[in-house]
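A.B. asks: below are the sequence and a predicted model; questions follow.
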Protein chains: 2
Amino acid sequence: MAKKLTSREKDYSQWYNELVQNADLAENSGVRGCMVVKPYGFAIWEKMQSELDRMFKETGHENAYFPLFIPKSYFSKEASHVDGFAKECAVVTHYRLKNDPAGNGVIVDPEAKLEEELIVRPTSETIIWDTYRKWIQSYRDLPILVNQWANVVRWEMRTRLFLRTSEFLWQEGHTAHATQEEAIQETKQMVNIYAKFAKEFMAMPVVIGTKTEAERFAGALETYCIEALMQDGKALQAGTSHFLGQNFAKAFNVKFSTKEGKQEYVWATSWGVSTRLMGALIMTHSDDAGLVLPPKLAPYQVVIVPIYKGEEQLKAVSEVALKVKNELENLSVSVKFDNRDTHKPGWKFAEYELKGVPLRLAIGNRDLENGTIEVARRDTMEKETLKISDIGKKVVNLLDKIQQNLYTKADTFREEKTYTANTYEEFKKLIKSGGFVYAHWDGSSESEEKIKQETKATIRCIPQDIACEEGFCIYSGKRSHRRVLFAKSY
Amino acid sequence: MAKKLTSREKDYSQWYNELVQNADLAENSGVRGCMVVKPYGFAIWEKMQSELDRMFKETGHENAYFPLFIPKSYFSKEASHVDGFAKECAVVTHYRLKNDPAGNGVIVDPEAKLEEELIVRPTSETIIWDTYRKWIQSYRDLPILVNQWANVVRWEMRTRLFLRTSEFLWQEGHTAHATQEEAIQETKQMVNIYAKFAKEFMAMPVVIGTKTEAERFAGALETYCIEALMQDGKALQAGTSHFLGQNFAKAFNVKFSTKEGKQEYVWATSWGVSTRLMGALIMTHSDDAGLVLPPKLAPYQVVIVPIYKGEEQLKAVSEVALKVKNELENLSVSVKFDNRDTHKPGWKFAEYELKGVPLRLAIGNRDLENGTIEVARRDTMEKETLKISDIGKKVVNLLDKIQQNLYTKADTFREEKTYTANTYEEFKKLIKSGGFVYAHWDGSSESEEKIKQETKATIRCIPQDIACEEGFCIYSGKRSHRRVLFAKSY
């Protein structure tokens, strides 16, 4: 039987760690801060990748690949970028090992020191804009709409599987445009694609907005983001899209000749989501029994478990199970038939609950006689007995329902946990118990910083579709024209 | 007009470099030995990945992801592995930069030195077997059939785009088995999958065989490989599959309890292909006009170029072109319609020749009157005028023919360039002019090494399906029981 998880109520953080490991999603490795993404976890990430990649390509983007290493000097070229990124990073200083003359394995060869240190990319703006200089001469070469799927490294002192690891997997889009308007349009388009993906595939409601100056990407003029609310009342930034203005074009001297023959700097965007989305997915839907997966991202949507005694019953049950499997696969439902004789049905039930398989079908001897099959939903834990003759239509319908239900449930939770505060006292009380809090803010980094120090809450975003409303900053009492979204966050 | 390439006859190596860059496949980056894979090149690699990934999954493999970094001490655990891999590699020694007190950008923070250096993975056996120890207790946990798509780094002094770069992209399969037989079976299965992929998708004939001890993977008991012949008469190793015995299980102490309750070491394989396949693809088919792509790996199989004067003709031509595009797409043919008004048809023709698009369709005003369309094959450069009403069927048929023709052509070339040598004199003469040479060898590393020193030819493999034949080693004159395959190589 699969091990029981610590409950969320008892210790949310412990529950998360146990779930990630017991559901075979990921585990820590022998390398500090770097995770191993296990096959079951990776299969979910592949589904995410495949849908996102399709959405990127449908909007005209192409994939490419840029070097893992970035010369140290590149970081110094964009002043605010270097402060944000060139600090906690992995630095390659040598290119050779040699046998230890003392006989203890291998040592770094001091003769093989690099002239200039190389940084393992924490993000690729610098190396990519150094490349774009060669690709862009004229307006005919624009726009460049490129994305890269890659690993990146940011040295982290405190790590948590998927949420914050020293190495993680992500995609980073880097686009180049002839005009400011087109670049801003692209930035917005991409944050909207992220929101659509979160809603339609992850069944995760998000708030779209822009970051304050303090929370902006290092080197960006504007950062758009999607923010989701986790079950413990903390916010999680799930994707960002940056309007970079001409900052990188100026730093790397990337100009183009306009139709009129003038030389102008190119406009830039960048945007990304990472394996952090796995953490968001887990914490949006899962429960004390384990992972709960939206059908659209489940490695297999249905598992069939045979209930039998002896070879003969197994044979009879398997025959029907394989027919059902085949029928479902013809309806584009992904199915696993678990006929292992090394584990009992009860063990398997617990295992697939832990792994969040949306629907579990069980077929036993009595079902054969009655032409029935037992269907259990992972999201509601409801069971019903269905006619085998109806199974195709019913399963397709149930998967749709589960996908809908997960979104509705998450959305209701978020609604319930979303508050407005009009005074600082009220604000502090609300923030303490967790959730999204809309409050007035005077727009200054000082007030933002003070609130953060005193309550640990940050401004998650200035929501894009919030109405103007006159009011007074909860901290300074100064005039404010609209509320912003506060929360404690991951 | 696209720049003309240096001819293969004049300078093969120069031709290759120009082709890779001018056809927008890849280019060198600002980081020594690391390449940028450009969108068009990456689209071909994505097609390769997608087919290989499908073949891996159909044979029961799953993807996962392991850390980029490997602690230095891991390499010392498998004695022969450390000699082969832990030498020319990128070494991370620090984890932080800081502002230079002297004001010159950033410097490595001497306080942030790692206790143990980390190696950027040159291959992942060590970190993966360190992980498998946690995954494997019982025979129930076996086999493990895992693959990883990843970047790897091997510090290379002399690099060439795709063929030998310090960083490259690849897949590495790592499997764990309960028995020797099963592991050997897996090793063979995978080399056969590589050969099938080379033949059916790359239209590239290969010889399957095993490596000699000297050429074996560091840590393997047997290395299977596929070897292809390039147009300059050099061999290219295009994929390898290793039977690792229990070497890594012993080095990392990975045991399992058998059904009978005994503790045994686990049996291992690993297998991989890399972006080197891009080099093989280019050098197998391309010509002095540029790249030639097999339809199954072409980012777009058909390009439609409109021939027109003025807006009105463009409109009329476009209407027909889009109908044709639509019809072809419904037949699963990928099509690009290049209606850019920034470039003339002649420029476009040269561009798509350079980029190896299998079929080019041209539609002009006269075609509209006659209901015709001009079709040009990239492989033979033949043109014909077809009825638009037949176009769907004809294009599908032509794409099949091109795929076949490329294989046949490459296979014929290889046949012509395959020789047998019975004396060392004969051997030296044949090797000098390039090609595959079958010759007798006494099985000793000494003779192998001498032949290499004297002729630059290596034993590419001991072909798997070669008949036994008694003879005498061309070098030592000692007895030999079958011929092996020699060539100069990349």
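C.D. replies: Great, that's in hand. Numbers count the residues shown, from 1 in each chain, chains lettered A, B, ... in the order given.

A.B. asks: CA atoms for contacts and neighbours, from now on please.
C.D. replies: OK.

A.B. asks: can you list contacts of stretch A:410-422?
C.D. replies: A:203-205, A:229, A:233, A:284-285, A:427, A:430, A:434-440, A:474 (CA atoms under 8 Å, 6 or more residues apart in numbering or on different chains).

A.B. asks: tell me, how many residues neighbour the residue of the stretch 251-400 of chain A found nearest chain B?
C.D. replies: Residue of the stretch 251-400 of chain A nearest chain B, by CA to the nearest CA: residue A:342 (7.4 Å). The number of residues packed near residue A:342 is 6, by other CA atoms under 10 Å in any protein chain shown.

A.B. asks: from start to finish, how long is stretch A:379-392 in a straight line?
C.D. replies: 19 Å (CA to CA, to the nearest Å).

A.B. asks: residue A:397: which element?
C.D. replies: Per DSSP states H and E, residue A:397 falls inside helix A:391-416.

A.B. asks: after that helix comes which helix or strand?
C.D. replies: Using DSSP H and E, the first helix or strand after helix A:391-416 is strand A:418-420.

A.B. asks: how far does that following strand sit from the chain's center?
C.D. replies: Relative to its chain's centre, strand A:418-420 lies at 25 Å (CA atoms, centre = their mean, to the nearest Å).

A.B. asks: the helix or strand following that strand packs against which elements?
C.D. replies: Per DSSP H and E, strand A:418-420 leads on to helix A:424-433 as the next helix or strand towards the C-terminus. If you count contacts as 3 or more CA pairs under 8 Å, 6 or more residues apart in numbering or on different chains; DSSP states H and E, helix A:424-433 packs onto strand A:436-440, helix A:445-455.

A.B. asks: could you dump the ones you listed to JSON lines with mean pLDDT, mean neighbour count and distance to residue A:408?
C.D. replies: Formatted as JSON lines, the helices and strands packed on helix A:424-433 follow (pLDDT from 0 to 100; neighbours: other CA atoms under 10 Å in any protein chain shown; distance: least, CA to CA, whole Å):
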{"stretch": "strand A:436-440", "mean pLDDT": "98", "mean neighbour count": "26", "distance to residue A:408": "17"}
{"stretch": "helix A:445-455", "mean pLDDT": "97", "mean neighbour count": "15", "distance to residue A:408": "30"}
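
A.B. asks: picking up where we left off before, the residue of the stretch 251-400 of chain A closest to chain B: what secondary structure?
C.D. replies: coil (DSSP: H, G, I helix; E, B strand; the rest coil).

A.B. asks: need phi/psi at the residue nearest to it when sequence neighbours are not counted.
C.D. replies: Among residues not flanking residue A:342 along the chain, residue B:140 sits closest, at 7.4 Å (CA to CA, 6 or more residues apart in numbering or on different chains). The phi/psi pair for residue B:140 (degrees, to the nearest 10) reads phi -70, psi -20.

A.B. asks: just the pLDDT at residue B:140, thanks.
C.D. replies: pLDDT, residue B:140: 94.

A.B. asks: go on, residue A:115?
C.D. replies: pLDDT recorded at residue A:115 is 95.

A.B. asks: next, the angle strand B:113-120 makes with the helix or strand that it is a member of.
C.D. replies: Element membership for residue A:115 (DSSP H and E) is strand A:113-120. Interaxial angle of strand A:113-120 relative to strand B:113-120 (axes from the mean of the first three to the mean of the last three CA atoms, to 10 degrees): 80 degrees.

A.B. asks: which helices and strands sit right next to strand A:113-120?
C.D. replies: Using 3+ CA pairs under 8 Å, 6+ apart, strand A:113-120 sits against strand A:69-71, helix A:72-75, strand A:88-94.

A.B. asks: for chain B, which of those is the nearest?
C.D. replies: Taking those one by one with CA to the nearest CA, strand A:88-94 is closest: 4.2 Å.

A.B. asks: strands paired with that closest one, and their directions?
C.D. replies: strand A:113-120 (antiparallel), strand B:91-99 (antiparallel) (DSSP bridges).

A.B. asks: okay, buried residues for the shortest one please.
C.D. replies: With burial defined by 16 or more other CA atoms under 10 Å in any protein chain shown, the residues of strand A:113-120 counted as buried are A:117, A:118, A:119, A:120.

A.B. asks: which residues touch that strand?
C.D. replies: A:68-72, A:89-95, A:152-153.

A.B. asks: go again with 6 Å.
C.D. replies: Applying CA atoms under 6 Å, 6 or more residues apart in numbering or on different chains, the contact partners of strand A:113-120 are A:68, A:69, A:70, A:71, A:72, A:90, A:91, A:92, A:93, A:94.

A.B. asks: for stretch A:193-205, same thing?
C.D. replies: Under CA under 6 Å, 6+ apart, the answer for stretch A:193-205 is A:296, A:406, A:407, A:411.

A.B. asks: before we move on, back to that, let me have the strands paired with strand A:88-94 in CSV, extended by distance to residue B:318.
C.D. replies: Output for the strands paired with strand A:88-94, formatted as CSV (distance: least, CA to CA, whole Å):
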stretch, distance to residue B:318
strand A:113-120, 47
strand B:91-99, 55
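
A.B. asks: which among those strands is found nearest to residue B:291?
C.D. replies: Residue B:291 lies closest to strand A:113-120 among those, at 33.1 Å (CA to CA).

A.B. asks: what's the offset of the closest one from the middle of its chain?
C.D. replies: 31 Å.

A.B. asks: give the next helix or strand downstream of that strand.
C.D. replies: Counting by DSSP H and E, the element after strand A:113-120 in chain order, helix or strand, is helix A:125-135.

A.B. asks: tell me who's in contact with whichever residue of the stretch 101-250 of chain A sits closest to chain B.
C.D. replies: Using CA to the nearest CA, residue A:105 is the residue of the stretch 101-250 of chain A that sits closest to chain B, at 5.4 Å. Counting by CA under 6 Å, 6+ apart, residue A:105 makes contact with residue B:76.
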